[in-house]
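> Give me the fold of what follows.
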Amino acid sequence: MMNRSSETDDTHCSMAVNSDIDMMVKEEIEVYEEPELSQDVEVSVKQEWESNPCDKYIMSDSLLIRHQMTHTGNAPYHCNQCNKNFSRNTKLIVHQRTHSGDKPYQCNQCDQAFSRKDNLIVHQSIHSGEKPYQCNHW
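Numbers count the residues shown, from 1 in each chain. The predicted structure is shown next:
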C-alpha cells in the first residue's frame, strides 16, 4: 500500500486525493492522459493490464486477477450439494438457488419470481411493452 498523506494535491493537477485508492486511480489516469508520455510507455502500461489469452483490457489489477480466474480454473467457491466450483462467491450464491428454489426477485405486476435480477428485468419488458432491440438485418 502506498504511503500518502490524507489529502494530496500536486502542482500540475487539480484532482484532490483523499485515500490511497484515490491516489492509485489518479496515477492510473495520469498515465493514460499525460501528453508527454512516449508511445513505448503507454504500450508497456497497457500490456501490464492485458489479460491473456483473451486480450481483454481491465481497469484495475484486482479486477484483472478476478478475470484471470476464469482462465486458470481457480474456483475456490464450492457447492456442497453438487460439487460444482465457482470463481466468485456471488456466482455460487446464484447457483445455490437452483437447489433451494429461492426466487428473491418478484415482479411487482404479476406472480412471477426469479432467482436472478437480470431475468426479472427482461421479464418486466413484457408488462411495459418495451422492445428496445430491433433487427436491422432485412
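> so His95 sits right up against Lys84, yeah?
Yes. Using CB atoms under 8 Å, His95 is in contact with Lys84, at 6.5 Å. Where C-beta positions appear, they are placed from N, C-alpha and C, glycine not excepted.
> what number of residues lie near Ile126?
Ile126 has 12 neighbouring residues, counting by other CB atoms under 10 Å.
> gap between it and Arg88?
According to CB to CB, to the nearest Å, Ile126 and Arg88 sit 30 Å apart.
> And Leu64, by the same measure?
14 Å.
> And the nearest residue to Lys56 once chain neighbours are set aside, its phi and psi?
Nearest residue to Lys56 in three dimensions, chain neighbours excluded: His67, at 6.7 Å (CB to CB, 6 or more residues apart in numbering). Per-residue torsions, His67: phi -60, psi -40 (degrees, to the nearest 10).
> Return the distance of His67 relative to Lys91.
From His67 over to Lys91 (counting by CB to CB), the distance is 13 Å.
> can you pull the alpha-carbon coordinates of whatever helix or strand Ile93 lives in into CSV?
Per DSSP states H and E: Ile93 is located in helix 89-100. Taking C-alpha atoms only, helix 89-100 is exported to CSV below (Å, rounded to 0.1, in the frame of the first residue of the first chain):
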residue,chain,number,x,y,z
ASN,A,89,-18.8,-16.2,-4.3
THR,A,90,-21.7,-14.3,-6.0
LYS,A,91,-21.9,-16.9,-8.7
LEU,A,92,-22.0,-19.7,-6.1
ILE,A,93,-24.9,-17.9,-4.3
VAL,A,94,-26.9,-17.6,-7.5
HIS,A,95,-26.1,-21.2,-8.3
GLN,A,96,-27.3,-22.4,-4.9
ARG,A,97,-30.7,-21.0,-5.7
THR,A,98,-31.1,-23.8,-8.3
HIS,A,99,-31.0,-26.3,-5.4
SER,A,100,-33.1,-24.3,-2.9
